[in-house]
Every structure is written in C-alpha cells, then in structure tokens.
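> got a predicted model here, sequence first, then my questions.
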Amino acid sequence: MGFSTPTKNEVYVPETLLKKRKTVEKTDAEKEVEQAKQALEKKDARKLMFKKADAYIKEYRRKENDELRLRRLAKSNGNFYVPAQPKLYFVIRICGINDIHPKVKKVLQLFRLLQTNNGVFVKVNKATLQMLQIIEPYVTYGPPNLKTVRELIYKRGFAKVNGQRIPITDNALINEHLGKLGIICIEDVIHEIFTVGDNFKQVNSFLWPFKLSNPNGHKKVSWKPRKFKHYVEGGDAGDREFDINKLVQSMN
C-alpha cells in the first residue's frame, strides 16, 4: 500500500509547521488572557486610587473643620486656642559650602541636605530638634501645609531607585517599590508624608531630596546678606514657622 499524494487543490503542510502554528496560537491566546487580566487589575487599581483620594480629602476637611471649631470655641470662651505641636518640618539648606564644622557637615549629610536650596521632609521629635539646633545657621525650616506638600511632590518629586534619581511619572513606580506597605499611588505618598504615618521613614527615603530654585526665581542667590542671622531677627536662618510655606511657593 503506497502513500497518498496531494490532489491538485490540496497543499501539503509539513508537520513541524503545523506544530509551530499551534504554539503561536496558544501563545497569542495566553497573551490575550494576560492582557485582559492586567487591564482588569489596572481598572480595579484606578477605582481604589480614586476611593482612597476621596477618603483623604474628607479626612483633611474634617481636620480643618475641627481646627476651626476649636478656635471658635476658645474665642467664645475668651480663651486662646493653642494648636498642637507640628509633627512635620520642611527643611531647606540656605548656605554653607566651604569651611563647615565636621559635626555640622555630618548632620547635613544625615538630613541629605548636600547642596544649597535642597529641601527635605523631617519628622519632628527630640532627636531631630537637637540636630536642627546644630545646623540652624545653615538651614531654614517650618511646618508645611497640605498645599505645600502636594505641590512639592507633584512638581519636584523624584524617586530614589538603586541610587538613581527617577522622575515620578507613573503610579506603577510607587506601587512597585512601596506597594508592600499599602502605598500604591502619589496621593498615598502625600498622605503618608503630611500625616507622618507609620511608614513615613520608608516613604521619605523613597523621595529624592527636593531641588528648589532660588527664591522668587532670581538667577543669583537672593538670600539676605546677613543670612546667618535668625529669621525672627530679620535674617533667613532657623525656624520661620508657617512662613515656610510662602518661601517654598517662591522657590517651587
């Protein structure tokens, strides 16, 4: 009995080619399933991000309303309202390149303030307050408001990934490096910094020190000549309290 030969209208297809086609079809099908899965996950992630952002807005408004209510209550009773001590400072290095005392230089390095006009978020506690006293002639600082924190992270925010300065252009970057902490988007980062949450240290380390412009956008450094003088005495250095927000606005 001999082999059958293809008729005139039939085309012979090698078995290897048929196997290859099946493999390609299987791979394409798997890719489609994976793409559909990823699209669904992204859709769910976006919903979660919007939900969390909405919850944060409500939380911020509730705190503002509580603050306003307490102020009015104190005023109606003839008292003064004393706000709670700030938990967060934004620290900006204003000078000091050469001839710095080794102890001062070390503290500036610990704060990651390596250049003039660098800024960082700092959790306020006994240790950081003592460190700020050491470097006070070289920095200015104060408690940032929500607008300042948000604009800094959105406009000047860069991530530190493997020692490299990477722009934060996608929430996927945040999710990849902070997702295990439940921080998956930029609004989570803002909330963690502003409220000094449990993961503040990890999130703050993820953020590269902010590189700010000279005040008011001047080409030359516009710090006052007597910059080593304290802010309350007409200089630039030290704690300027809530005026830090005006300064950051002029440098952002």
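The structure has been received and is ready for your questions. A quick note: this is a predicted structure, and the numbers were derived from the prediction, not measured. Numbering: from 1, shown residues only.
> okay, now the domains of the protein?
Listed domain ranges for the chain are 13-83, 88-251 (source: automatic domain parsing).
> just put these in JSON lines and tack on mean pLDDT and mean neighbour count.
(Glycine included, C-beta is placed from N, CA and C.) Compiled in JSON lines, the domains of the chain are given as follows (pLDDT from 0 to 100; neighbours: other CB atoms under 10 Å):
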{"stretch": "domain 13-83", "mean pLDDT": "79", "mean neighbour count": "11"}
{"stretch": "domain 88-251", "mean pLDDT": "90", "mean neighbour count": "17"}
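> so where do the strands sit in the protein?
Ranges of strands in the chain, per DSSP state E, are 88-93, 118-123, 139-142, 158-161, 164-167, 210-211, 238-239.
> residue contacts, the closest residue to Pro167 other than its chain neighbours?
In this structure, Pro167 finds its nearest non-sequential neighbour in Phe158, 5.7 Å apart by CB to CB, 6 or more residues apart in numbering. Residues near Phe158 by CB atoms under 8 Å, 6 or more residues apart in numbering: Arg165, Ile166, Pro167, Ile168, Leu207, Trp208.
> the last one touches Gly163, doesn't it?
It refers to Trp208. No: under the criterion of CB atoms under 8 Å, Trp208 lies out of contact with Gly163, with a separation of 10.2 Å.
> which residues in the stretch 51-200 of the chain form helices?
Shown for the stretch 51-200 of the chain, the helices assigned by DSSP state H, counting those that start in this stretch span residues 102-110, 126-135, 146-156, 171-178, 186-194, 200-206.
> and the angle from the longest one to helix 186-194?
Inter-element angle recorded for helix 146-156 and helix 186-194: 130 degrees (by axes from the mean of the first three to the mean of the last three CA atoms, to 10 degrees).
> could you dump helix 146-156 to CSV, C-alpha only?
Coordinates of each C-alpha in helix 146-156 appear next as CSV, following Å, rounded to 0.1, in the frame of the first residue of the first chain:
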residue,chain,number,x,y,z
LEU,A,146,-1.1,70.3,52.7
LYS,A,147,-0.8,72.6,49.6
THR,A,148,3.0,72.8,50.0
VAL,A,149,3.4,69.1,50.5
ARG,A,150,1.2,68.3,47.5
GLU,A,151,2.9,70.8,45.2
LEU,A,152,6.4,69.8,46.2
ILE,A,153,5.7,66.1,45.4
TYR,A,154,3.8,66.7,42.2
LYS,A,155,6.1,69.4,40.8
ARG,A,156,9.5,68.5,42.2
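> measure Lys229 to Glu176 for me?
Using CB to CB, to the nearest Å, we find Lys229 at a distance of 45 Å from Glu176.
> please disregard the earlier target; I meant Pro14.
With the distance defined as CB to CB, Pro14 ends up 45 Å from Glu176.
> contact partners for the closest residue to Val161 other than its chain neighbours?
The shortest distance from Val161 to any residue that is not its chain neighbour, by CB to CB, 6+ apart, is 6.8 Å, and that residue is His177. Neighbouring residues of His177 by CB under 8 Å, 6+ apart: Ala159, Val161, Phe206.
> what bridges to the second one?
For Val161, the beta-bridge partners are Gln164 (DSSP bridges).
> on that earlier part again, and of the strands of the chain, who's closest to Val189?
If you check each of those against Val189 by CB to CB, strand 158-161 wins as the nearest, at 9.4 Å.
> was I right about Ile135 contacting Lys106?
No: taking CB under 8 Å as the contact criterion, Ile135 and Lys106 are not neighbours in contact, 9.5 Å apart.
> list the residues that are in contact with both of those two.
Here Ile135 and Lys106 have no joint contacts, going by CB under 8 Å, 6+ apart.
> circling back: want to try a markdown table for the helices of the stretch 51-200 of the chain, with distance to Ala237 as columns?
Formatted as a markdown table, those follow (distance: least, CB to CB, whole Å):
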| stretch | distance to Ala237 |
| --- | --- |
| helix 102-110 | 12 |
| helix 126-135 | 9 |
| helix 146-156 | 19 |
| helix 171-178 | 34 |
| helix 186-194 | 24 |
| helix 200-206 | 23 |
